[in-house]
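sequence below, structure please.
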Amino acid sequence: MQVNRSIVHVDMDAFFASIEQRDNPLYKGKPVIVGADPKKGRGRGVVSTCSYEARKFGIYSSLPISTAYRLCPQGIFLPVNMEKYLAVSKQIYNILNTFTPSIEAISIDEAFLDITASCHIFKGALSACRLIKEKIKKETGLTASLGLAPTKMAAKIASDICKPDGLLEVESDKLLDFLWALPIEKISGLGKKSKEILNERGIYTIKDLARQEKDYLVSIFGRLGEYFWYLAHGIDEAEVRGGHETKSISSETTFEKDTANEELIKRTLFMLSEEVSSRLRQDKLKARTITLKIRLAGFKTYTRALTIQKATNFVNEINKAAKIIYEKFISQEDKKIPKIRLLGVKASGLMPQDTKDSLFDEKTDQKKENIHKAVDVIKEKFGKKGIFRAAEIE
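Numbering: from 1, shown residues only. Purely as a prediction, here's the structure:
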């Protein structure tokens, strides 16, 4: 492993909530919760993110929105404005690209950078990190937390520790001192069950883990045990993968009330398919596999997938696949429609939209393409409510 690498983990602070606080001075210093409508404690759905002021009340991402309202009824509850957040995210990635081409996008507000080859331009790695923070603050008005280390895992841990608005460097010769003082759950990929197994054996810190024989950990976890052993010794050869590709695009919604209304369910499936279709087209992608997510009233969740003959980003073909999956699921429920809490549609098996599956359907596809492009133009000009589909595109 190249021990003198300079890996940076950039993580925006309370991203969605911070944007809302930036755009409305009245929200500054107050608990802001971005997510589903709480409906005075009767709302469905979850918290997407929240400000640091809201976190003092025990609120966190993915918490049921009804619980968030109970914990902080005086909070400012706002809907997710994804178009605005994506625009800011694009600004941030444009900034990061001025420091290195080696960027691995983890999410809308989080990325790894390898600045090993470029940091000398900025008078060193630490200086480059300071400039990244300054540039983000100046151009977006937002704060970011950065971890700088010779490995990806250590860089991510460092950024987590120094939040919010922090910068923490882990030098190569101090890497083990940094890691060994931490609890084992900080090891990348070591989850709750693995933690419990290790705790039962008196292993609580990364230093405790590093003291174990490699073969002993392999006897417990298989090849994963070897992976844990290397990470505990600061050996992490994972590289920053530039040009990170989108693996799937999805959209889901939670109903106001659990429902078995088939008309509402199918209308919702179409709406979700339309959202997925639109995002595929924005990213110039098409998909080969459609997955339907169904969460029933008792919170039991099912996912079913269908691989279609031709990759597509056309709404009706995505919706057709989703309906096939739904109807097959219902048929397995003895034709009794269960009450559904949540529906989601996901497209995966992605490829560039100009990839040709067949020459025979090219004219038909071009006709559909022209119709979809017209719809896209209208939506871009007048917003999502600028046009509604009255019937499926044949």
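
residue nearest the middle of this protein, spatially speaking?
Central residue of the chain (Cα atoms, centre = their mean): Ser107, 4.9 Å from the mean position.

report the separation between it and Leu63.
To Leu63, Ser107 is 18 Å away according to Cβ to Cβ, to the nearest Å. Placement of C-beta: from N, CA and C, glycine included.

swap in Gly35?
Here the distance between Gly35 and Leu63 works out to 9 Å (Cβ to Cβ).

which of the two has more residues huddled nearby?
Gly35 (25 against 16; other Cβ atoms under 10 Å).

and that one, bridged to which residues?
Counting by DSSP bridges, Gly35 forms beta bridges with Val47.

my guess is it contacts Ala54, does it?
No. The criterion here is Cβ atoms under 8 Å, and Gly35 misses it with Ala54 at 10.6 Å.

what touches both of the two?
Common contact partners of Gly35 and Ala54 (Cβ atoms under 8 Å, 6 or more residues apart in numbering): Ala68.

and the pLDDT at Lys336?
pLDDT recorded at Lys336 is 71.

tell me if I am right that it is in a helix.
No. Read with DSSP: H, G, I helix; E, B strand; the rest coil, Lys336 is coil and lies in no helix.

give the burial count for it, as a bare number.
As a burial measure, Lys336 scores 7 neighbours (other Cβ under 10 Å).

roughly how far apart are it and Glu262?
Distance of Lys336 to Glu262, computed by Cβ to Cβ: 12 Å.

go on, Gly202?
Gly202 is 56 Å from Glu262, by Cβ to Cβ.

and for Leu217?
52 Å.

between the two, tell me which one has more neighbours.
Leu217 (20 against 12).

what helix or strand is that one located in?
Per DSSP states H and E: Leu217 is located in helix 214-221.

for the stretch 151-300 of the chain, which spans come out with low pLDDT?
243-246 (pLDDT under 70).

coming back round to it: and for Gly35 and Leu63, which residues touch both?
46-47.

what are the ranges of the strands in the stretch 251-394 of the chain?
285-296, 301-312, 340-352 (DSSP state E, counting those that start in this stretch).

same for the second one, what does it pack against?
Contact analysis of strand 301-312 by 3 or more Cβ pairs under 8 Å, 6 or more residues apart in numbering; DSSP states H and E lists strand 285-296, helix 315-331, strand 340-352 as its packing neighbours.

buried sites along the first one?
What that stands for is strand 285-296. By neighbour count on 16 or more other Cβ atoms under 10 Å, the buried set for strand 285-296 is 285-295.

got CSV for those residues, with distance to Glu274 too?
Below are these laid out as CSV (distance: Cβ to Cβ, whole Å):
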residue, distance to Glu274
Leu285, 16
Lys286, 15
Ala287, 14
Arg288, 19
Thr289, 18
Ile290, 13
Thr291, 16
Leu292, 15
Lys293, 16
Ile294, 18
Arg295, 20
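
farthest-apart pair in those residues, please.
Across those, no pair lies farther apart than Lys286 and Arg295, at 27.0 Å, counting by Cβ to Cβ.

phi first, then psi, for the nearest residue to Ser89 once chain neighbours are set aside.
In this structure, Ser89 finds its nearest non-sequential neighbour in Ile108, 4.6 Å apart by Cβ to Cβ, 6 or more residues apart in numbering. Dihedral pair for Ile108: phi -60, psi -30, per degrees, to the nearest 10.

now for Ile108: which residues touch it?
Taking Cβ under 8 Å, 6+ apart, we find Ile108 in contact with 15, 85-86, 89.

quick one: pLDDT of it?
pLDDT for Ile108: 90.

what does the one 4 residues further on give?
Residue-level confidence at Phe112 comes out at 96, pLDDT.

can you start the count at 799 instead of 1 from here on
Renumbered: residue one is now 799, and that last one reads Phe910.

looking at this, it is in a strand?
Yes. Under three-state DSSP, Phe910 sits within a strand.

tally of neighbours for it?
Other residues near Phe910 number 24, with proximity taken as other Cβ under 10 Å.

now do Ala956
For Ala956, the neighbour count with other Cβ under 10 Å is 23.

quick check: it touching Lys950?
No. Judged on Cβ under 8 Å, Ala956 makes no contact with Lys950 at a distance of 10.7 Å.

joint contacts of the two?
His807.

how far away is the residue nearest to Ile1063 when sequence neighbours are not counted from Asn1059?
Excluding the flanking residues, the one nearest Ile1063 by Cβ to Cβ, 6+ apart is Ile1138, at 6.3 Å. Going from Ile1138 to Asn1059 by Cβ to Cβ gives 9 Å.

got the domain ranges for the protein?
799-968, 975-1030, 1046-1184 (automatic domain parsing).

turn those domains into JSON lines, including distance to Gly1040.
Converted to JSON lines, these look like this (distance: least, Cβ to Cβ, whole Å):
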{"stretch": "domain 799-968", "distance to Gly1040": "5"}
{"stretch": "domain 975-1030", "distance to Gly1040": "20"}
{"stretch": "domain 1046-1184", "distance to Gly1040": "18"}
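
those: which one's closest to Arg1039?
Closest among the domains of the chain, using Cβ to Cβ: domain 799-968, at 4.8 Å.

run the chain-centre distance for that closest one.
What separates the centre of domain 799-968 from the centre of its chain is 12 Å, taken as Cα atoms, centre = their mean, to the nearest Å.

report how many residues lie close to Leu1141.
Leu1141: 23 neighbours (other Cβ under 10 Å).
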